[in-house]
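Peer 1: show me how the following folds:
(chains A and B)
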There are 2 protein chains.
Amino acid sequence: MKPVRLAILGLGTVGGGALKLLQENAAEIRRRTGREIQITYVGTRRPRPDLDLDPSIKQSSDLLDIVRQPDVDVVVEVMGGIHPAYEIIMEALKHGKQVVTANKALLAEHGNELFKAADEHSVQIAYEAAVAGGIPIIKVIREGLAANKIEWLAGIINGTGNFILTEMREKGRAFADVLKEAQELGYAEADPTFDVEGIDAAHKLTILASCAFGIPLQFDKVYTEGISKITAQDVGYAEALGYRIKHLGIARRSDKGIELRVHPTLIPEEELIANVNGVKNAVLVQANAVGPTLYYGAGAGAGPTASAVVADVIDIVRDIIYTEDGAGTIPQLAFENLADTPILTSDEMTTGYYIRINAEDQTGVLANVTTILSRAGIGIDAIMQQPRLKDLIPIVILTDPVVESKMNDALSQIQALAEIHGEIVRIRLELLEN
Amino acid sequence: MKPVRLAILGLGTVGGGALKLLQENAAEIRRRTGREIQITYVGTRRPRPDLDLDPSIKQSSDLLDIVRQPDVDVVVEVMGGIHPAYEIIMEALKHGKQVVTANKALLAEHGNELFKAADEHSVQIAYEAAVAGGIPIIKVIREGLAANKIEWLAGIINGTGNFILTEMREKGRAFADVLKEAQELGYAEADPTFDVEGIDAAHKLTILASCAFGIPLQFDKVYTEGISKITAQDVGYAEALGYRIKHLGIARRSDKGIELRVHPTLIPEEELIANVNGVKNAVLVQANAVGPTLYYGAGAGAGPTASAVVADVIDIVRDIIYTEDGAGTIPQLAFENLADTPILTSDEMTTGYYIRINAEDQTGVLANVTTILSRAGIGIDAIMQQPRLKDLIPIVILTDPVVESKMNDALSQIQALAEIHGEIVRIRLELLEN
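Peer 2: Here you go, the predicted structure:
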């Protein structure tokens, strides 16, 4: 079977991330698609003789020439900017190439023409990475919620703005102060206008709204207001009233028409989306059959954006396979070949533990218990002694992750202590960290 | 163009919901697919002459006969139970029908055989509705995150259990007490074992894990522990330590193999998934490129489950169109035909407001302000007066939703009041309710 051949245009954060991801996860992706994905070209605007690429990858700064090559099936445009990205994608479409792009500004402002050209040449422009980074929100709206009439959506779709508002609320800091830190951390550009004045969010909202309602892209009609005038004072007052201020992109269908707006918004603190903090993104979608659903994750960065770019590539690979083989596009259980990886027994599993024992009020019991845990090599994360209950002292211990068989041994020793009454309670504990 | 013809087998909550959804959202779905979806058969296990169906829909209780009919392209199995669902789906596959099912127990226990049969007959079994109801988690894992190596996932995938644990935490209630209420509310079955002992969650985890890791369905290897032994005492102690107890389905890849487990779990209260309350579901996925992403929504009920069933039908319709026309499967902006719905100007938008004015400490100012709002027909939701700041009293008012032009008029009247100093601050407010 022929490999599917890619040209990656742009080797910045996203392009570099996509290249790395395609190499690192090659085996897993191959298991999913059953077809090799081969990078035939890497294009950069300026010659980059310093790049240490695999010799099988051709390198060029003539991007228009790359997209005309016969050994390119899919063009991945991750250079950013309107020009020359527009002209290069148009040229790629003309040559019948499938296109994957992360370029929200280009799509929001020129997507109508680009999609028309794609239709004329019977190819696709895939753009999952253009909105909310690694969250597959375009797929969710175009496919996952396709049975619904979408009523409205509200998204935290600019991580920099959310980082600033989170810091302002959590630490009472001033806008300008946090913005400076965001710039130092590399979250915000030297010219932060696109982020803090809502233009980046308006680009993304434009795309989301078109997919949700089936309307042309209309970036110029988005009402856009930034967060630069938000003060720590108002953040505090909002909190006192039970609200948080988030910079939201909102698209809502009403009887009279569609509202497209990006602005700071008070939302009730108990809403899940009000608790999306730092640079993370989230989109809340209200649809008539499913009700509210929310999608949360990283909205930017090399890995997350590359995740979306390469997912688009995989969709295209599956379409190509479908066209060539006529076989089902997506394997039933996600992978072409299932693995016989062993499933662990409960003895072999590793988790942290919450342990509650009921002890007589006797000096030494805690020492005995902690000695048993320590001898078993089980780390203790917290100990809490509770007020006497029915003549016994409840003692709660949280442990570090440990193999279950080890914990079973330790607990049967503890259970055997004379000072311990009743059954030991144990509940597993997970920090849900990476 | 020929319509795509469906047979719906089972007219309970899910089947009835799917029928209703296909009818109610017919126009929107038609805009998305460009192809009519026609229900040709409805099958129920017992004859149901009482059903008041559209006369164009044939009705039968001979389900095996329905799936053999030539005027059926897609069989929607929403009867539930292992038998005769298994035999009927097998018969449908044999006759080359595409199958959509919401039957998690059937797939978790017999999916390997069913998927094998589907492959042999070159058809698909779609099963989005089998896991986490309306949340498109299967699509996310099979497609949206396809570029990733998934490391682990943890899900609240049984709404009844989550409702019980939420009530226990928020109100200090006992397990048995809340279970009784859940049964009265219709969340839990008369025999609640499947829900509270984790069997339902284990069925769903089996399916999720296979899609995440590419392994055969292995329901019998899931370690399963219910929530019936969780006490209000331990829920309280966990909270004192900064944790919440959730009933999670966890699938994790380690060096030695794969852990598949369903059990009560302490998780840090600041995690987003720890704040998923009531009957809602959520799945947190940790993947190597995108990092953590979370998917939240309704895990059961007629509308949400039908949303997933019909999304599967639409996927199949798009595949059929692709096969017949060779054209792109999914429209670039989600709909075949874009609408020219007007986009509202900011004057025409409707939102609530947070208003902050700085007033001299003068009797009557609040009366003047509220009179202006009241005359403009703007409802007040809350008023908060803050301590004097730089000789002025900050007054914060939260309003009900109002058309922006009205608010502009009222605010210019308020701004003109002699007692008001400086610019009025206004920030929009959204309750994010349905």
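
Peer 1: break chain A down into its domains, please.
Peer 2: For chain A, the structural domains run A:4-134+A:302-322, A:142-298, A:349-429, going by the TED database.

Peer 1: let's have these in JSON lines, adding mean pLDDT, distance to B:Gly16 and mean neighbour count.
Peer 2: No exception for glycine: its C-beta is placed from N, CA and C like everyone else's. Formatted as JSON lines, these follow (pLDDT from 0 to 100; distance: least, Cβ to Cβ, whole Å; neighbours: other Cβ atoms under 10 Å in any protein chain shown):
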{"stretch": "domain A:4-134+A:302-322", "mean pLDDT": "96", "distance to B:Gly16": "33", "mean neighbour count": "20"}
{"stretch": "domain A:142-298", "mean pLDDT": "96", "distance to B:Gly16": "13", "mean neighbour count": "21"}
{"stretch": "domain A:349-429", "mean pLDDT": "94", "distance to B:Gly16": "39", "mean neighbour count": "16"}
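
Peer 1: distance to B:Pro304 for those - can I get that in TSV?
Peer 2: Below are those laid out as TSV (distance: least, Cβ to Cβ, whole Å):
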stretch	distance to B:Pro304
domain A:4-134+A:302-322	22
domain A:142-298	5
domain A:349-429	29
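
Peer 1: which one of the ones you listed lies closest to B:Gly364?
Peer 2: domain A:142-298 (22.6 Å; Cβ to Cβ).

Peer 1: tell me how far the ends of the closest one are from each other?
Peer 2: 20 Å (Cα to Cα, to the nearest Å).

Peer 1: likewise stretch A:151-168?
Peer 2: Start-to-end, stretch A:151-168 (Cα to Cα) is 31 Å.

Peer 1: where along the stretch 51-200 of chain A do the strands fall?
Peer 2: Counting by DSSP state E, counting those that start in this stretch, the stretch 51-200 of chain A has strands at residues A:58-60, A:74-77, A:98-101, A:125-126, A:150-156.

Peer 1: the stretch 301-434 of chain A too?
Peer 2: Under DSSP E, counting those that start in this stretch, the stretch 301-434 of chain A gives strands at A:350-359, A:380-385, A:393-399, A:402-403, A:420-429.

Peer 1: would CSV of those strands with distance to A:Gln69 be doable?
Peer 2: Below are these laid out as CSV (distance: least, Cβ to Cβ, whole Å):
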stretch, distance to A:Gln69
strand A:350-359, 50
strand A:380-385, 57
strand A:393-399, 58
strand A:402-403, 54
strand A:420-429, 54
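
Peer 1: which residue packs closest to A:Leu272, ignoring adjacent ones?
Peer 2: In space, and not counting its chain neighbours, A:Leu272 is closest to A:Leu294: 5.6 Å by Cβ to Cβ, 6 or more residues apart in numbering or on different chains.

Peer 1: give me the element that neighbour is part of.
Peer 2: According to DSSP states H and E, A:Leu294 maps onto strand A:291-298.

Peer 1: could you check the angle that strand makes with strand B:291-298?
Peer 2: Angle of strand A:291-298 versus strand B:291-298, following axes from the mean of the first three to the mean of the last three Cα atoms, to 10 degrees, is 170 degrees.

Peer 1: centre of the chain versus strand A:291-298, how much separation?
Peer 2: Centroid separation for strand A:291-298 versus its chain: 10 Å, with Cα atoms, centre = their mean, to the nearest Å.

Peer 1: and A:Cys14, what helix or strand is that in?
Peer 2: One correction, residue A:14 is Val, not Cys. helix A:13-24.

Peer 1: ignore the last one, A:Val285
Peer 2: strand A:280-287.

Peer 1: spit out the contact partners of the residue nearest to A:Leu272.
Peer 2: By Cβ atoms under 8 Å, 6 or more residues apart in numbering or on different chains, the contact set of A:Leu294 is A:Leu272, A:Ile273, A:Ala282, A:Val283, A:Leu284, A:Val285, B:Leu294, B:Tyr295, B:Tyr296, B:Gly297.

Peer 1: could I get those as TSV with distance to B:Leu333?
Peer 2: Output for these, formatted as TSV (distance: Cβ to Cβ, whole Å):
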residue	distance to B:Leu333
A:Leu272	28
A:Ile273	24
A:Ala282	22
A:Val283	17
A:Leu284	21
A:Val285	16
B:Leu294	26
B:Tyr295	23
B:Tyr296	25
B:Gly297	23
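
Peer 1: remind me, longest helix of chain A?
Peer 2: Longest among the helix segments of chain A by residue count, using DSSP state H, is helix A:302-325.

Peer 1: sorry, back to before: dump the strands of the stretch 51-200 of chain A to a markdown table, plus distance to chain B.
Peer 2: Listed next are the strands of the stretch 51-200 of chain A as a markdown table, based on distance: least, Cβ to the nearest Cβ, whole Å:
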| stretch | distance to chain B |
| --- | --- |
| strand A:58-60 | 23 |
| strand A:74-77 | 12 |
| strand A:98-101 | 10 |
| strand A:125-126 | 6 |
| strand A:150-156 | 6 |
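
Peer 1: could I get the ones you listed in JSON lines, plus columns for distance to B:Thr193?
Peer 2: Output for the strands of the stretch 51-200 of chain A, formatted as JSON lines (distance: least, Cβ to Cβ, whole Å):
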{"stretch": "strand A:58-60", "distance to B:Thr193": "62"}
{"stretch": "strand A:74-77", "distance to B:Thr193": "50"}
{"stretch": "strand A:98-101", "distance to B:Thr193": "48"}
{"stretch": "strand A:125-126", "distance to B:Thr193": "45"}
{"stretch": "strand A:150-156", "distance to B:Thr193": "37"}
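
Peer 1: those strands: which one's closest to B:Ala108?
Peer 2: The nearest among the strands of the stretch 51-200 of chain A, by Cβ to Cβ, is strand A:150-156 at 31.2 Å.

Peer 1: which strands or helices does the closest one pack on?
Peer 2: helix A:199-213, strand A:243-253, strand A:280-287 (3 or more Cβ pairs under 8 Å, 6 or more residues apart in numbering or on different chains; DSSP states H and E).

Peer 1: mind putting those into CSV with distance to B:Pro84?
Peer 2: Shown next, in CSV, are these (distance: least, Cβ to Cβ, whole Å):
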stretch, distance to B:Pro84
helix A:199-213, 40
strand A:243-253, 43
strand A:280-287, 33
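
Peer 1: distance to chain B added to these, as CSV?
Peer 2: Below are the helices and strands packed on strand A:150-156 laid out as CSV (distance: least, Cβ to the nearest Cβ, whole Å):
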stretch, distance to chain B
helix A:199-213, 4
strand A:243-253, 7
strand A:280-287, 6
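
Peer 1: that older thread, give me the helices and strands touching the helix holding A:Val14, please.
Peer 2: strand A:4-9, strand A:37-43, helix A:302-325.

Peer 1: quick check: which of those is nearest to chain B?
Peer 2: helix A:302-325 (3.4 Å; Cβ to the nearest Cβ).

Peer 1: how far out from the middle of the chain is the closest one?
Peer 2: Worked out by Cα atoms, centre = their mean, helix A:302-325 lies 17 Å from the chain centre.

Peer 1: and it, anywhere near chain B?
Peer 2: Yes - against chain B, helix A:302-325 shows contacts by Cβ under 8 Å from any Cβ of the partner chain at A:303-304, A:306-311, A:313-315, A:319, A:322-323.

Peer 1: nearest to B:Ala334, of the domains of chain A?
Peer 2: The nearest among the domains of chain A, by Cβ to Cβ, is domain A:142-298 at 4.2 Å.

Peer 1: quick one: terminal-to-terminal distance for stretch A:115-126?
Peer 2: Using Cα to Cα, the two ends of stretch A:115-126 sit 10 Å apart.
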